[in-house]
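S.K.: Curious how this folds, go ahead:
(2 chains)
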Amino acid sequence: MIDLSLLTDGGVGWLDASGPSSHLVLSTRIRLARNLADHVFQSRNSETEREGILNTVEQAARESVLLRRATRYRLDRLDRIDRQLLHERHLVSKELAGLEPDGRVRSGASLLIQDRIGVMLNEEDHLRIQGLHSGFALAQTYAEVDRLDAELGQRLAFAFHPEFGYLTSCPTNVGTGLRASVLIHLPGLVLTKEISKVLQGLAQVGLTHRGLYGEGSEVVGNFFQLSNQTTLGSSEQELLDHLGKMVRQVMDYEEQARQVLVRDAPTVIEDKVWRAYGLLRYARSLSFEEAMNLLSGVRLGVGVGLIPDVAMYTMNKLLVYTQPAHLAVAEGISPEDADLPLRRARFVRKVLESEVGRRG
Amino acid sequence: MSCDQCHEREAVIHLTQIVNEQVTTLHLCEKCAAEKGVESPGSAVKTPLGSFLAAMGKGAEQLQAPRSTETCPRCGATFQDFRESGRLGCSDCYHAFEAPLRDLLRRLHGSTHHLGERYAEREPSAASNGQQAAEIREQLRLAVETENFELAAELRDRLRVLE
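M.R.: Predicted coordinates for the structure are as follows:
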């Protein structure tokens, strides 16, 4: 079993709901794709070569300020449950964790992490420099990631082309190599059926949306990851400004949709959020998806002031700890255990009870 | 000409292979070619990138692909490999397949010109003005050659600032 307590915040600092606009935005993530100039890309390299990449980057990390004390996880030497745990904490991609349906862990697949920043190694690109922040915090997250990029860039030779910019294994990432994603909760837009219009609008201005776990994941619990689609032809700042502007607009739409719901359908919405709360509070069996959808309802209730005393942090905590691997580890059972939905319901009941208890 | 494989159907695909410096040419019908995993120019687009391009109203097959025998001198990947996997083999592939990739980048990103942070400038010993100017002049020549006048104008401006 891996020891996540090695990480200063257990790797879940991003869910402490301390960041800006955290009633709507769970987290902000930015990654930069980088490759070493003197190694071929992942599709054609060997195990030995990936080991070499790992050593070179680790050496550079040890000499750096920002990753000097980094914790290292070798995904290729971890059990599936541990890889799943890191993935559920949003610290590694599905690909790096080897959790794709037909996927295996690539040899050399590793994570270096110190506080809110880190590097995924031997992912689709040699390096994915990443930062993760609580709430809506594009500028802070980029500042940290940029600093780490500069530090590593002084010690490593990155593949760079004078016209195309940073070269990546897939041409969709070339140029800045930057992908910024904002994980946002949009139940108001879903309930008012405005969401497809909003998502279409975002696609037209070059933004894309994904589910809770990023690329290839489905939307559950009305959580959407909004991110830039293109990486070339605009500066990092322009990409971030554009995404930031659009996310602020989506936040405005969401607030408006919530006002409309409370104004025009007060009893419907009140019934909906309290039903969700009641089910979470008393249900005896919950699937992950059902728990997510009910949490979404309660979160909305807290957001519009209908459910007064549940903290956003509690909501975020439930979001992470009811996921299959987290729950299984906490309960000491396998994630495939048929008892998992019962344990999930019990866990949620306990957390909500203690919250009410605190209320006195 | 009949197909080298089935000797029945008309050969429509002519595949030149270089194995151990031996050049062989295979003449195949569409069916046998498909069985051998050789994609004909009209066959379906398989990669996500391919379907993206198809959705853009212009299929990947219309990319001015280099001849299928052309390989990246560094990693040995062919443009066909890229079309199948959506992944390039190494950073030199961007030189080896520059023309079709430039086309693709323009369609994916609406541009081929990186405007973000420049790696070289981050290095402790940044290139001197003279070196930078020489590099830009080379890019300018290429831009004019490829009739990329927007880029050329921008490069000219940068050159003026440097000099």
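S.K.: burial count for the residue of the stretch 201-350 of chain A found nearest chain B?
M.R.: Chain B sits closest to A:Gly233 of the stretch 201-350 of chain A, with a gap of 2.7 Å, by C-beta to the nearest C-beta. Yep, even glycine has a C-beta here, placed from its N, CA and C like the rest. Close neighbours of A:Gly233, defined as other C-beta atoms under 10 Å in any protein chain shown, add up to 21.
S.K.: contacting residues around it?
M.R.: By C-beta atoms under 8 Å, 6 or more residues apart in numbering or on different chains, the contact list for A:Gly233 reads A:175, B:109-115.
S.K.: Now it: closest residue in space that isn't a chain neighbour?
M.R.: B:Ser111 (2.7 Å; C-beta to C-beta, 6 or more residues apart in numbering or on different chains).
S.K.: ok, the one you found touching B:Leu105?
M.R.: Yes. With contacts counted by C-beta atoms under 8 Å, B:Ser111 reaches B:Leu105, the gap being 7.4 Å.
S.K.: Next, show the common contact partners of the two.
M.R.: Residues touching both B:Ser111 and B:Leu105 (C-beta under 8 Å, 6+ apart) are A:Leu232.
S.K.: Among these two, which residue is more densely surrounded?
M.R.: Taking neighbours as other C-beta under 10 Å, B:Ser111 and B:Leu105 compare with B:Leu105 leading, 24 against 16.
S.K.: Check the more buried one and give its pLDDT.
M.R.: With respect to pLDDT, B:Leu105 has a value of 95.
S.K.: quick one, what contacts it?
M.R.: Contact analysis of B:Leu105 by C-beta under 8 Å, 6+ apart lists A:164, A:171, A:174, A:232, B:111-112.
S.K.: Emit the ChimeraX select command for whichever of those residues are buried.
M.R.: Restricted to buried positions by 16 or more other C-beta atoms under 10 Å in any protein chain shown, the ChimeraX selection for these reads:
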select /A:164,171,174,232 /B:111,112
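S.K.: Which neighbouring elements make contact with the helix of greatest length in chain B?
M.R.: Secondary structure assigned by DSSP state H gives helix B:129-145 as the longest helix of chain B. Helices and strands touching helix B:129-145, by 3 or more C-beta pairs under 8 Å, 6 or more residues apart in numbering or on different chains; DSSP states H and E, are helix B:149-162.
S.K.: now could you export just the CA positions of the helix it packs on as CSV?
M.R.: Extracted in CSV, the C-alpha atoms of helix B:149-162 (Å, rounded to 0.1, in the frame of the first residue of the first chain):
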residue,chain,number,x,y,z
PHE,B,149,2.9,36.5,-45.8
GLU,B,150,1.3,37.1,-42.5
LEU,B,151,4.2,35.4,-40.7
ALA,B,152,6.7,37.1,-43.0
ALA,B,153,5.3,40.5,-42.0
GLU,B,154,5.6,39.6,-38.3
LEU,B,155,9.1,38.3,-38.7
ARG,B,156,10.2,41.4,-40.6
ASP,B,157,8.9,43.5,-37.7
ARG,B,158,10.8,41.5,-35.2
LEU,B,159,13.9,41.7,-37.3
ARG,B,160,13.6,45.5,-37.4
VAL,B,161,13.4,45.6,-33.6
LEU,B,162,16.5,43.5,-33.2
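S.K.: What are the buried residues along it?
M.R.: By neighbour count on 16+ other C-beta under 10 Å, the buried set for helix B:149-162 is B:151-152, B:154-155.
S.K.: what do you get for stretch A:185-199?
M.R.: When burial is assessed from 16+ other C-beta under 10 Å, stretch A:185-199 yields the following buried residues: A:185-192, A:194-195, A:198-199.
S.K.: Any regions of the chain where pLDDT drops low?
M.R.: If you meant another chain, say so; for now it's chain A. Residue ranges of chain A with pLDDT under 70: A:1, A:5-11, A:216, A:357-360.
S.K.: wait, I meant chain B there
M.R.: Per-residue confidence for chain B (pLDDT under 70) gives these ranges: B:14-24, B:34-69, B:121-129, B:131, B:163.
S.K.: Could you tell me which residues of chain B lie near chain A?
M.R.: By C-beta under 8 Å from any C-beta of the partner chain, the residues of chain B that approach chain A are B:49, B:74-77, B:81, B:85-91, B:93-94, B:101, B:104-105, B:108-120, B:122-124, B:135, B:139, B:142.
S.K.: Report the buried members of these.
M.R.: Among the residues of chain B next to chain A, those classed as buried by 16+ other C-beta under 10 Å are B:49, B:75, B:77, B:81, B:85-91, B:93-94, B:101, B:104-105, B:108-109, B:111-119, B:139, B:142.
S.K.: For the closest residue to chain B within the stretch 51-200 of chain A, which non-adjacent residue is spatially closest?
M.R.: For the stretch 51-200 of chain A and chain B, the shortest gap (C-beta to the nearest C-beta) falls at A:Gly165, measuring 2.8 Å. Spatial nearest neighbour of A:Gly165, excluding adjacent residues (C-beta to C-beta, 6+ apart): B:His114 at 2.8 Å.
S.K.: and if you look at A:Asp339?
M.R.: In space, A:Asp339 comes closest to A:Ile333 once its chain neighbours are excluded; the distance is 6.3 Å by C-beta to C-beta, 6+ apart.
S.K.: Same question for A:Gln59.
M.R.: Nearest to A:Gln59 is A:Arg155, by C-beta to C-beta, 6+ apart, at 7.8 Å.
S.K.: which residues touch the one you found?
M.R.: A:Arg155 is in contact with A:59-60, A:63-64, counting by C-beta under 8 Å, 6+ apart.
S.K.: Right, I'll leave it there.
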